[in-house]
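**Student:** I would like to see how this sequence folds:
(one chain, ligands or ions: 1)
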Amino acid sequence: MLSGKRVLLIIGGGIAAYKCLDLIRRLKERGAAVTPVMTRAAGEFVTALSVSALAGEKVYSDLFDLTDEAEMGHIQLSRVADLVLVAPATADLMAKMATGQAGDLATTLLLATDTPVMIAPAMNVRMWDHPATQRNLGVLRQDGVTVVGPNEGDMACGEFGPGRMAEPLEIVAAVDALLTVGPLAGKRIVVTSGPTHEPIDPVRYIANRSSGAQGTAIAAALQALGAEVVFVTGPAEVSPPDGVEVVPVETAVQMRDAVRAALPADAAVFAAAVADWRVVGASDSKIKKIAGALPTLSFEENPDILAEISQMSDGRPGLVVGFAAETDDVIANATAKRARKHCDWIVANDVSPATGIMGGDENAVTLISDAGVEDWPRMGKDAVAQQLAARIADRLV
Ligand code: CTP
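**Tutor:** All right, here's what the predicted structure looks like:
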């Protein structure tokens with residue numbers, strides 16, 4: 001529920017602005033108060049009268065409205081809310097936000113606010129895919145903006161692809177997750193995810209197979225319960241979740257350093273598929289192929305991040321969770337791994353190709369802890385993540 005919460009809703013000028021009428025209803029149904037702000041362009045798509053009737057509040061639209069300035073300055077307006085929500089966030093609004101422009105009321109509020117900001121982008125698919133928009137998106141994420149959507153589908157402009165604004169109920173769910181104090185509020189949790197790449201030369205590397213899907217889902221689930229998540233990720237296929245601090249790394253050594261830098265933490269979850277070895281003396285320039293002469297690679301051991309952090313004498317996270325991806329004797333190997341690495345829990349799974357788990361959407365895991373061995377039924381990776389996050393919350397709270 002969102003009772004007692006106030007959302008400052010900035011409506012941008014795009015066809016999806018019509019969905020804001022429903023969005024306002026949904027937010028109010030859940031108990032939120034909505035202060036609407038419309039850009040000049042938004043007025044071309046919805047009327048201030050409809051917006052104000054549904055919100056039950058005055059619509060703010062002009063930076064130089066002296067009455068508003070006397071009643072409530074734009075700085076104050078930007079701060080009384082618990083969340084500033086931009087929907088639809090057009091390509092133009094995103095660009096202005098990313099570059100810190102403040103030419104009208106909406107952008108001034110966004111620049112002046114000290115409350116969390118969420119955007120629901122909506123635009124033509126080519127505009128969304130354009131490197132400039134993607135660049136702006138990256139900047140906004142780095143600035144801590146939460147992004148919901150866009151969804152893929154048929155668009156008003158007749159094209160198909162990502163660019164449709166998320167549905168009002170999805171936006172409300174994201175607002176709920178951000179504003180509702182979860183059981184992990186105030187807890188800091190480090191999550192490693194994805195593979196590491198160990199260079200042979202500037203163009204070649206060795207790596208483990210890992211899409212990063214399970215680690216990403218875990219970070220998202222922990223964040224949804226209110227945790228402050230530091231997400232240390234190797235080069236994964238899946239994009240990192242919104243609302244977490246992302247630390248991109250390439251190699252195991254970089255991952256270890258990033259994890260150490262992120263401490264102290266209340267818990268650490270090691271879902272990354274870290275390469276066990278790195279190439280000794282990786283070449284700075286591309287190794288040329290010479291007919292008949294095969295290169296010889298020699299390896300040295302990478303730091304075992306899970307084992308290292310589990311055995312810290314000072315500043316060890318209160319709960320350390322490792323993963324064990326096995327193809328044979330899953331439980332015996334995972335149990336031995338837990339003892340060898342001194343972590344608290346091991347989440348074991350069978351990654352034999354026949355299971356379809358590697359690269360798939362589902363996972364079947366066994367949780368091994370002091371309490372014993374617990375088989376979880378096969379379920380979606382998101383569901384595994386949510387269950388694990390709930391268990392972590394039980395343990396930490
Ligand atoms: N792990 C780690 N650092 C490493 C290797 C593994 O932090 N250098 C972590 C993984 O993130 C995972 C757990 O250790 O949580 C187990 O990883 P896994 O690859 O299954 O174990 P290994 O120690 O590599 O053992 P083996 O490959 O022999 O099964």
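
**Student:** Could you find the residue nearest the spatial middle of the protein?
**Tutor:** What sits nearest the mean C-alpha location of the chain, by CA atoms, centre = their mean, is P241, with 1.6 Å.

**Student:** Could you tell me the phi and psi values at that residue?
**Tutor:** Taking degrees, to the nearest 10, you get phi -70, psi 160 for the backbone angles of P241.

**Student:** what does M38 give?
**Tutor:** As for M38, its main-chain torsions (degrees, to the nearest 10) stand at phi -120, psi 140.

**Student:** beta partners for it?
**Tutor:** Note on M38: beta-bridge partners by DSSP bridges are I11.

**Student:** surely it meets L49?
**Tutor:** No. At 11.1 Å, M38 does not count as touching L49 under the criterion of CB atoms under 8 Å. No exception for glycine: its C-beta is placed from N, CA and C like everyone else's.

**Student:** More neighbours: which of these two?
**Tutor:** M38 (27 against 9; other CB atoms under 10 Å).

**Student:** Does V259 lie in a helix or a strand, and which?
**Tutor:** Assigned by DSSP states H and E, V259 falls within helix 252-262.

**Student:** May I see the buried residues of that helix?
**Tutor:** 252, 254-259, 262 (16 or more other CB atoms under 10 Å).

**Student:** and if you look at stretch 104-120?
**Tutor:** 104-110, 112-113, 116-120.

**Student:** for A221, what are its contacts?
**Tutor:** 382, 385-386, 388-389 (CB atoms under 8 Å, 6 or more residues apart in numbering).

**Student:** which helices and strands sit right next to the helix holding V259?
**Tutor:** strand 188-193, strand 228-233, strand 245-248, helix 305-310 (3 or more CB pairs under 8 Å, 6 or more residues apart in numbering; DSSP states H and E).

**Student:** From the ligand, how far off is E198?
**Tutor:** Relative to the ligand, E198 is positioned 11 Å away (CB to the nearest ligand atom, to the nearest Å).

**Student:** what about the closest residue to that residue other than its chain neighbours, distance to R256?
**Tutor:** Leaving aside its chain neighbours, E198 sits nearest to R278 (4.3 Å; criterion: CB to CB, 6 or more residues apart in numbering). Applying CB to CB, to the nearest Å, the value for R278 to R256 is 11 Å.

**Student:** Likewise for A91?
**Tutor:** 39 Å.

**Student:** Within range of the ligand, give me the residues from the stretch 51-200 of the chain.
**Tutor:** By the rule CB under 6 Å from any ligand atom, the part of the stretch 51-200 of the chain lying against the ligand is T192.

**Student:** Low-confidence bits of the stretch 51-200 of the chain, can you list those?
**Tutor:** Flagging of the stretch 51-200 of the chain using pLDDT under 70 yields the residue ranges 63-72, 157.

**Student:** what ranges do the strands span in it?
**Tutor:** Counting by DSSP state E, counting those that start in this stretch, the stretch 51-200 of the chain has strands at residues 83-89, 117-121, 146-147, 151-154, 160-164, 188-193, 197-201.

**Student:** Next, the buried residues of the longest helix anywhere in the chain.
**Tutor:** Secondary structure of the chain per DSSP state H: the longest helix is helix 381-396. Neighbour counts over helix 381-396 (16+ other CB under 10 Å) mark 381-389, 391-393, 396 as buried.

**Student:** Counting by contacts, list what that helix packs against.
**Tutor:** helix 213-224, strand 267-270, strand 319-326, strand 362-363, strand 365-369.

**Student:** As TSV, the ones you listed with mean pLDDT and distance to the ligand would be great.
**Tutor:** Converted to TSV, the helices and strands packed on helix 381-396 look like this (pLDDT from 0 to 100; distance: least, CB to the nearest ligand atom, whole Å):
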stretch	mean pLDDT	distance to the ligand
helix 213-224	94	9
strand 267-270	98	4
strand 319-326	96	4
strand 362-363	86	14
strand 365-369	95	12
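
**Student:** got the residue ranges for the helices in the stretch 1-150 of the chain?
**Tutor:** Assigned by DSSP state H, counting those that start in this stretch, the helices in the stretch 1-150 of the chain fall at 19-29, 48-55, 66-71, 74-77, 91-98, 105-112, 125-129, 131-142.

**Student:** Nearest approach to E362 belongs to which of those helices?
**Tutor:** Comparing the helices of the stretch 1-150 of the chain by their distance to E362 (CB to CB), the top pick is helix 131-142, with 28.0 Å.

**Student:** Using PDB, write out every CA atom in that closest one.
**Tutor:** What follows is helix 131-142, C-alpha atoms only, in PDB (Å, rounded to 0.1, in the frame of the first residue of the first chain):
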ATOM      1  CA  PRO A 131      22.700   5.400 -29.300                       C
ATOM      2  CA  ALA A 132      22.000   8.900 -27.900                       C
ATOM      3  CA  THR A 133      18.900   7.700 -26.000                       C
ATOM      4  CA  GLN A 134      20.800   4.600 -24.800                       C
ATOM      5  CA  ARG A 135      23.600   6.800 -23.700                       C
ATOM      6  CA  ASN A 136      21.200   9.100 -21.800                       C
ATOM      7  CA  LEU A 137      19.600   6.000 -20.200                       C
ATOM      8  CA  GLY A 138      23.000   4.900 -19.000                       C
ATOM      9  CA  VAL A 139      23.700   8.300 -17.500                       C
ATOM     10  CA  LEU A 140      20.300   8.400 -15.800                       C
ATOM     11  CA  ARG A 141      20.800   4.900 -14.300                       C
ATOM     12  CA  GLN A 142      24.200   6.000 -13.000                       C
END
